[in-house]
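[1] Next comes the sequence, and after it the predicted model I'd like to discuss.
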Amino acid sequence: MMATRKQSRSYVLELSKVSRDFGTEPAVHALVDVDLRLKAGEWLAITGPSGAGKSTLLHILGCLDRPSSGNYFFEGIDAGTLSDDERAGLRSRRIGFVFQSYHLLPHRSVLENVMLAEVYREQSQDGRKERALAALQRVGLSHRVDFLPTKLSGGEKQRVAIARALVGSPSLLLCDEPTGNLDSKSGADILDLFEALNKQGLTLIIVTHDESVARRAGRRVHIIDGSLSEVANGERKRKPTRLSKANVNPHVVGKSEITTRDLFEEALAGMFARPGRMALTILGIVIGLTALVATLGLSRTASNRIISQFDELAATEITITGKSGLSGADPNAIPWDAPARLTRLNGVVAAGTLSEVDIGDDLVRSSPVRDPQSQTAFNLSVQAASPGLFTAVRAELETGRLPDLGHSERMDRVAVLGPNAALRLGIVGIEHLPAIAIGDHLYLVIGILRDVAREPELLGAVIIPEGTAGHDFGLIGPGKVIVETRIGATSLIAQQAPFALRPDDPSALKIEFLPEPQRVRDAVQSDLNVLFLLLGGLSLVVGAIGIGNITLVSVIERTGEIGLRRAIGANRRHIAAQFLLESTSLGVIGGVIGASLGVLIVVVVSAYQVWTPVLDPLAPVLAPLVGGLIGLVSGTYPAMRAAQLEPIEAFRFGT
Ligand code: ADP
């Protein structure tokens, strides 16, 4: 609220030497030294040919534009001294606008369109509906309150626009070609309505190039090339009424303002005006956030699975070898009964020895060896294993059986094949008792492995009992021991093992185990996360561009609406706030949907893969926030564009 300079009280408006120029080279003198005074209750018609300056004058009178020079007093207030916000407040409370093209919001009902008049007056919604209904009754449209404007005739639309302008009893109604789009009957009806309103004391200014419209007015001025002159208008001159008390308060001008509730309601209405477009707009954000939440969730789920397998394997394995001296590893470093000694330790799940068998130049052939020369021989690795090794490396059998202690003690010539070795030798099953030859010795294949979790070289190896390897190939001692421990027992077993195996010389053994599985976990996880985050982030950028783009299109499309809002009292801030709120809300909605879909995908994929879904509890909370932030950022430029739009320009291009 602010005090302003007081002029004469008897005039609603007073122009002295008002000029308006546009551009510089060459300047267009749209108005030249216009003097005009209008008393309360007068009905003034402004006529003139196209381009004469009528609209320019109307915009200045409506505080939508400022004169280049001269003074304009509205109800005694010098409009030139008012801030933009105060001028918007003046438009909102004291001036009603009626346009040739109605400027109704097509997706809001008749009643809502009329109620819009009070949105920028920062007043509570109490009684707003009643006041709007009363205004609609004044224009004779009580029976159409719930209609959408698209269902109304041109004359009815203009009545809605007049009702909107009448809410709050403005001091002045400014009409720009109000009958320009109407047939003669509807036009005459509207003029009758104006006459009735004028008789009730409403001050009216109508811009028209229609003679019949101009003749209905009590007073008439004509503009040619920006110069205004009074025209006698028959005997229709009416005695001016006194300014109503409610309207005369020249000392204070309320700024235009909007309540948070109204702002939210306008933004929501703006968003839902076109549900199809809204769905398309948020699609980008939905896809982006779905991708992000899903990929993050899946990466956590998958990496957790990878890690849990990897971790468990790595954290429960100890490998024991003899320390190598100058002449290589000591073949006697590990005793034959190492597995038995180790399994006695608390915390050892399984232990087995594994030794590379030196078969010299011998090759492995599949049997029977009728004609050794004609058979392909393979340079396969031959390994000797104790029975416990198969448990310690978590070997899975494809077919057959594994060798036991008896085979080793009896030095039986039996062999188990790794799957790759079996493939190379062409052995697919053991039903026909296949045999292979290692050098000159014939071995019965008793089993074929499917997989091993540790010691992957076993996949391509021929595995024979230790005793047999000692007998046939002179294996002196075990090459290494593989120990599987319980989780958490590795370091303890690693300390005890040398004393259990070599109490005489514990330092002869080399013990290997993974001390920090957590580091491996972190490395795997962060690798996966970076990749997935990049993918999700990329989708979000695409979503943000989508929201920004569509909001910009909608700003351009809603130019007329922006102009109308400015006319009924919105300032730039209000326009920007509405568009920002719309784009932010779209982002939040996209975020909520995206988070839900993302979580759903993680759960469904996990269920399908029989994994345990791992969800970040923050993701569903953060996603709407991220969505909102993206909406806010991507809506900033379009909102600024909307706010910068001059109301005059908006009317010029937005009809
Ligand atoms: P009318 O309403 O009588 O048809 P206007 O008031 O719209 O006339 O325009 C008066 C003159 O001012 C015209 O020559 C028009 O081209 C010019 N004019 C109006 N607004 C602008 C503007 N924003 N920029 C440049 N010229 C303008």
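    Looks like it arrived, so ask away.

[2] What is the burial count for Val633?
    For Val633, the neighbour count with other C-beta atoms under 10 Å is 16. Placement of C-beta: from N, CA and C, glycine included.

[3] Backbone dihedrals for Phe584, please?
    Quick fix: residue 584 reads Thr, not Phe. Here is the backbone geometry of Thr584 (degrees, to the nearest 10): phi -70, psi -40.

[4] any idea how far it is from the ligand?
    32 Å (C-beta to the nearest ligand atom, to the nearest Å).

[5] One more: Ala595?
    Distance from Ala595 to the ligand, by C-beta to the nearest ligand atom: 47 Å.

[6] In a helix, that residue, correct?
    Yes - under DSSP: H, G, I helix; E, B strand; the rest coil, Ala595 falls within a helix.

[7] Now Leu632: which helix or strand?
    helix 619-644 (DSSP states H and E).

[8] Apologies, that question was intended for Arg37.
    Using DSSP H and E, Arg37 falls in strand 28-39.

[9] Within its sheet, name the partner strands of that strand and how each one runs.
    Strand pairing for strand 28-39, determined by DSSP bridges: strand 11-22 (antiparallel).

[10] what's the spacing between the strand it pairs with and its chain's center?
    Using C-alpha atoms, centre = their mean, to the nearest Å, the mean C-alpha position of strand 11-22 is found 50 Å from that of the whole chain.

[11] Name the residue closest to the centre of this structure, please.
    With distances taken as C-alpha atoms, centre = their mean, Ile285 lies nearest the centre of the chain, 3.1 Å away.

[12] Stretch 409-425: end-to-end distance?
    Counting by C-alpha to C-alpha, to the nearest Å, you get 27 Å between the two ends of stretch 409-425.

[13] List the buried residues of that stretch.
    The neighbour-count check on stretch 409-425 (16 or more other C-beta atoms under 10 Å) flags 411-422, 424-425 as buried.

[14] which residues touch stretch 278-294?
    With contacts defined as C-beta atoms under 8 Å, 6 or more residues apart in numbering, stretch 278-294 is touched by 271-272, 533, 535-537, 539-547, 550-551, 586-587, 589-591, 593-595, 597-599, 601-602, 605, 619-620, 623, 626-627, 630-631.

[15] domain parsing for this protein?
    Domain segmentation of the chain under automatic domain parsing yields 11-243, 272-309+520-653, 334-501.

[16] okay if I get those domains as TSV plus mean pLDDT and distance to Thr316?
    As requested, those are exported to TSV (pLDDT from 0 to 100; distance: least, C-beta to C-beta, whole Å):
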stretch	mean pLDDT	distance to Thr316
domain 11-243	89	66
domain 272-309+520-653	83	11
domain 334-501	89	5
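
[17] What helices and strands are in contact with the helix holding Leu632?
    On a contact count with 3 or more C-beta pairs under 8 Å, 6 or more residues apart in numbering; DSSP states H and E, helix 619-644 meets helix 275-315, helix 517-557, helix 572-609.

[18] would you list the ones you listed in JSON lines and tack on distance to Arg94?
    Formatted as JSON lines, the helices and strands packed on helix 619-644 follow (distance: least, C-beta to C-beta, whole Å):
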{"stretch": "helix 275-315", "distance to Arg94": "36"}
{"stretch": "helix 517-557", "distance to Arg94": "28"}
{"stretch": "helix 572-609", "distance to Arg94": "18"}
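
[19] How is Val416 classified with respect to secondary structure?
    Val416 - assigned by three-state DSSP - is strand.

[20] Was I right to think it contacts Pro465?
    No - counting by C-beta atoms under 8 Å, Val416 does not reach Pro465; the two are 9.3 Å apart.

[21] what's the overlap in contacts for the two?
    Pro403.

[22] for the ligand, what are the nearby residues on the chain?
    The interface of the chain toward the ligand, taken as C-beta under 6 Å from any ligand atom, is made up of Phe22, Gly23, Val28, Ala30, Gly48, Ser50, Gly51, Ala52, Gly53, Lys54, Ser55, Thr56.

[23] what do you get if the cut-off is 8 Å, keeping everything else the same?
    Within the chain, the residues that sit near the ligand (C-beta under 8 Å from any ligand atom) are 20, 22-23, 28, 30-31, 48-59, 207, 223, 226, 646, 648-649, 652.

[24] Just these: which are in strands?
    Arg20, Phe22, Val28, Ala30, Leu31, Val207, Ile223 (DSSP state E).

[25] any idea which of those residues is closest to Asp504?
    Distance to Asp504 across these (C-beta to C-beta) is lowest for Phe22, with 107.4 Å.

[26] what's the nearest residue to that closest one if we skip its chain neighbours?
    Take Phe22 and drop its neighbours on the chain: the residue closest to it by C-beta to C-beta, 6 or more residues apart in numbering is Val28, 4.4 Å away.

[27] next one: Val98
    Closest residue to Val98 apart from its sequence neighbours, by C-beta to C-beta, 6+ apart: Cys175 at 4.2 Å.
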